[in-house]
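Peer 1: Let's see this in three dimensions:
(chains A and B)
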Amino acid sequence: MSGPATPTRSPAAPPRAIALMPAVLQHEWDLYHATWFTLMGIGGGIFLLARLLRLERGLGVWLGLPLVDLVSFAVISVGGLLLIWSLGRPLRFLRAVLKPGTSWISRGAIADFIFVVLGGALIVPSLSVRGATPFARLPWDPWATTVPGRIIEGVALAAAAIVIVYAGLVLADKAAVTFWRSWAIPAQFVFSSLAMSMATVMVMQTLAGTPIESIECWLLAKFLALLLAVIAWHLATRMTQPGKAEALARLYTVYGALFWGVVVAAGTVLPMLLAVVAALLPPTREAFGAAALVLTVGGGFLLRLLTMRVGYFPPVSGMLRVPKR
Amino acid sequence: MRWGMVIDVRKCVGCQTCTIACHEENALPPGIFWRHVVDVEVGDYPDVRRAFLPMGCQHCAEPPCVPVCPTGASQQRPDGIVFVQYDMCIGCGYCAVACPYRARHMIHEQDWYFGTPTASETKARDPERHGVMSKCTFCKHRVDKAPAGATPGVDPEYTPVCVSSCIANAMHFGDLDDPTSNVSKLREEHQPGVLLEELNLKPSLFYITE
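Peer 2: Numbers count the residues shown, from 1 in each chain, chains lettered A, B, ... in the order given. All right, here's what the predicted structure looks like:
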């Protein structure tokens, strides 16, 4: 009577990649960082769009100062304070500017400072308090009609552009998290920021009694179309890469309803379609602006938060042979 | 000179002495482990073994955690040791998300195992280490103490505590650039591998598996 065949040991196997530590979620960055990224995107974006489209005069004035610029600085400042609050050592925050040669956090922090300082300097000549204009003698005006004004505005616009883009580059540049290491991340953040900012500008126009132009609706639709395309590109590329596969699985299961329902459908597709309708039907534009603000900001914030929450470190593996006894 | 380790996986018994020795030497708070031992199953039935791999900072020659640091707190010494200059760190966490080996740990709160600090916790306590990033230092406080004539990796007092405490003589520390050092000889003899070789970060921890 013979029993089952006993397996025989084969010769030593060649080395092969063995997963030593599974993919794990990162927990360093979460809600604070998603909020920070969102606020930087809106703050830089409304300054940029209002100036490039020359809308700042029609968005209201407070104390003689362009309201859109004040809102921009306030949003950037809140975002910056939130980031500082999230640091382990908040009182050392000024050190964050020390390594612009290699660190995107340093580059972004410097851009934030330049933006707020130069943007503030640009508008301060028109400051009017009870009829007094203490800075009126400065050789420029907030609308950048003179050469010095145009130079200051140009540098502030460049800084605003960096403020919008650097959040995504912080994630995409050298992070170990596979899901983040793609140009799709900064591209998503930029288009989302521009969409949120366009919607914010529309609401400010409505509040100031300025009509919303069709070009603004078309621009918003284009930003959202580009955002949708980049999201699709990000989801469809490098799908099986270690770390990315786990991230996509989590995105589609744990956060599936939020991602598809809020980020994609309500935060991107719906406002894109409504923007086309608003471009064609002027009477709907004011209502559309308010709806677009809610939808794009909600979707944009959630896009950033979910990007944080599906960030997996890839598995740690090594080429190992089966050790002999 | 470039400090490094060669770890003989064939000898490691997974006792975690290195884990505890590191924890005690560096007075790490509960839940923070700069050195830990991974327990893995390798091979296919019937050629299956349990293997234990001491893991931690790989002290890469091209560490991704250093350039991302916005303050310059994350540094690399000429001898290859990667460390955090605590008084410069703002605790942003960028280096932690840049490290594919997950070897960096934020110490958020001062915490003790038994409510109040033990003698060893008091001895190695560093208030500067709270609210900042922390990581394995290759016990540079021991290595740097080596007087003329003493050799880190040979003299246990001046060797990283995980190595000198290893009960199985599985861990070896020395100068990777010195062809006569213990680690260079082990590398030449066994051709050990590294983890995540495809990232080309040139880690300083080598693993002998056969």
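Peer 1: How about the backbone phi and psi for the residue nearest to A:Trp180 when sequence neighbours are not counted?
Peer 2: Leaving aside its sequence neighbours, A:Trp180 sits nearest to A:Leu171 (Cβ to Cβ, 6 or more residues apart in numbering or on different chains; 4.0 Å). All C-beta atoms are positioned from the backbone trio N, CA, C, and that covers glycine. Backbone geometry at A:Leu171, expressed as degrees, to the nearest 10, gives phi -80, psi -40.
Peer 1: swap in the one 5 residues further on?
Peer 2: Comment: the main-chain dihedrals of A:Ala176 come out as phi -80, psi -20, following degrees, to the nearest 10.
Peer 1: residues contacting it?
Peer 2: Contact analysis of A:Ala176 by Cβ atoms under 8 Å, 6 or more residues apart in numbering or on different chains lists A:Phe313, A:Pro314, B:Pro64, B:Val97, B:Ala98, B:Cys99, B:Pro100, B:Arg102.
Peer 1: Apply 7 Å and report the result again.
Peer 2: A:Phe313, B:Pro64, B:Val97, B:Ala98, B:Cys99, B:Pro100 (Cβ atoms under 7 Å, 6 or more residues apart in numbering or on different chains).
Peer 1: Okay, helices next: where are they in chain A?
Peer 2: A:31-52, A:67-86, A:104-123, A:147-174, A:184-208, A:214-236, A:244-252, A:256, A:270-280, A:285-309 (DSSP state H).
Peer 1: now swap in chain B and tell me
Peer 2: Counting by DSSP H, chain B has helices at residues B:17-25, B:65-68, B:94-98, B:119-124, B:140-143, B:161-164, B:182-190.
Peer 1: Turn those helices into JSON lines, columns for mean neighbour count.
Peer 2: What follows is these, written out as JSON lines (neighbours: other Cβ atoms under 10 Å in any protein chain shown):
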{"stretch": "helix B:17-25", "mean neighbour count": "20"}
{"stretch": "helix B:65-68", "mean neighbour count": "23"}
{"stretch": "helix B:94-98", "mean neighbour count": "27"}
{"stretch": "helix B:119-124", "mean neighbour count": "12"}
{"stretch": "helix B:140-143", "mean neighbour count": "17"}
{"stretch": "helix B:161-164", "mean neighbour count": "24"}
{"stretch": "helix B:182-190", "mean neighbour count": "16"}
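Peer 1: Tell me which of those lies nearest to A:Ala290.
Peer 2: For A:Ala290, the closest of the helices of chain B is helix B:94-98, at 36.6 Å, according to Cβ to Cβ.
Peer 1: what's the neighbour count on residue 139?
Peer 2: No chain specified, so I'll use chain A. 9 (other Cβ atoms under 10 Å in any protein chain shown).
Peer 1: sorry, should have said chain B
Peer 2: B:Cys139: 25 neighbours (other Cβ under 10 Å).
Peer 1: Show the pLDDT at the residue nearest to A:Trp180.
Peer 2: Confidence at A:Leu171, expressed as pLDDT, is 96.
Peer 1: With A:Ala12 instead?
Peer 2: The model's pLDDT for A:Ala12 equals 55.
Peer 1: how close does B:Glu41 sit to chain A?
Peer 2: From B:Glu41 over to chain A the distance is 9 Å, taken as Cβ to the nearest Cβ, to the nearest Å.
Peer 1: Give me the below-cutoff pLDDT ranges for chain B.
Peer 2: For chain B, the stretches flagged by pLDDT under 70 are B:124.
Peer 1: quick check, stretch B:125-142 touching chain A?
Peer 2: Yes: counting by Cβ under 7 Å from any Cβ of the partner chain, chain A is contacted by stretch B:125-142 at B:Gly131, B:Val132.
Peer 1: mind listing what's buried in that stretch?
Peer 2: Applying a neighbour-count criterion of 16 or more other Cβ atoms under 10 Å in any protein chain shown, one finds B:129-140, B:142 buried in stretch B:125-142.
Peer 1: hang on, the earlier thing: pretty sure the residue nearest to A:Trp180 is touching A:Ala184, no?
Peer 2: No: using Cβ atoms under 7 Å, A:Leu171 makes no contact with A:Ala184, being 10.4 Å away.
Peer 1: Those two: which has the busier surroundings?
Peer 2: A:Leu171 (27 against 22).
Peer 1: Pop out the phi and psi values for the residue in chain B positioned nearest to chain A.
Peer 2: Nearest residue of chain B to chain A, counting by Cβ to the nearest Cβ: B:Gly91, 1.9 Å away. Dihedral pair for B:Gly91: phi 70, psi 40, per degrees, to the nearest 10.
Peer 1: Please name the nearest non-neighbouring residue to the residue most central in space within chain A.
Peer 2: By Cα atoms, centre = their mean, chain A has its centre lying nearest to A:Phe189, at 3.5 Å. Using Cβ to Cβ, 6+ apart and skipping the chain neighbours, the partner closest in space to A:Phe189 is A:Gly168 (3.7 Å).
Peer 1: okay, the helices of chain A in TSV with distance to A:Thr133 next?
Peer 2: Formatted as TSV, the helices of chain A follow (distance: least, Cβ to Cβ, whole Å):
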stretch	distance to A:Thr133
helix A:31-52	22
helix A:67-86	17
helix A:104-123	12
helix A:147-174	16
helix A:184-208	22
helix A:214-236	32
helix A:244-252	53
helix A:256	56
helix A:270-280	39
helix A:285-309	32
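Peer 1: Work out the gap between stretch A:21-34 and the centre of the chain.
Peer 2: Offset of stretch A:21-34 from its chain centre (Cα atoms, centre = their mean, to the nearest Å): 17 Å.
Peer 1: Just checking it against chain B, any contact.
Peer 2: Yes: interface with chain B: stretch A:21-34 contributes A:Met21, A:Gln26, A:Glu28, A:Trp29 (Cβ under 7 Å from any Cβ).
Peer 1: on that earlier part again, dump the residue contacts of the residue nearest to the centre of chain A.
Peer 2: Per Cβ under 7 Å, 6+ apart, neighbours of A:Phe189: A:Phe37, A:Gly41, A:Ala167, A:Gly168.
Peer 1: re the thing from before, redo the helices of chain B as JSON lines? Include distance to A:Thr296.
Peer 2: Output for the helices of chain B, formatted as JSON lines (distance: least, Cβ to Cβ, whole Å):
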{"stretch": "helix B:17-25", "distance to A:Thr296": "48"}
{"stretch": "helix B:65-68", "distance to A:Thr296": "30"}
{"stretch": "helix B:94-98", "distance to A:Thr296": "27"}
{"stretch": "helix B:119-124", "distance to A:Thr296": "51"}
{"stretch": "helix B:140-143", "distance to A:Thr296": "50"}
{"stretch": "helix B:161-164", "distance to A:Thr296": "52"}
{"stretch": "helix B:182-190", "distance to A:Thr296": "56"}
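Peer 1: Quick one: closest of these to A:Ile105.
Peer 2: helix B:94-98 (5.7 Å).
Peer 1: Phi and psi next, for the residue at the greatest distance from the centre of chain B.
Peer 2: In terms of distance from the mean C-alpha position of chain B, B:Pro46 ranks first, at 33.4 Å (Cα atoms, centre = their mean). Dihedral pair for B:Pro46: phi -90, psi 0, per degrees, to the nearest 10.
Peer 1: rewinding a little: ok, the residue nearest to A:Phe189 to A:Gly299 distance?
Peer 2: 16 Å (Cβ to Cβ, to the nearest Å).
Peer 1: Kindly report the same for A:Arg89.
Peer 2: 33 Å.
Peer 1: Over to A:Ala266?
Peer 2: Applying Cβ to Cβ to A:Ala266 and A:Gly299 gives a distance of 6 Å.
Peer 1: Which one of the two is surrounded by more residues?
Peer 2: With neighbours defined as other Cβ under 10 Å, A:Ala266 and A:Gly299 compare such that A:Gly299 has more, 28 against 18.
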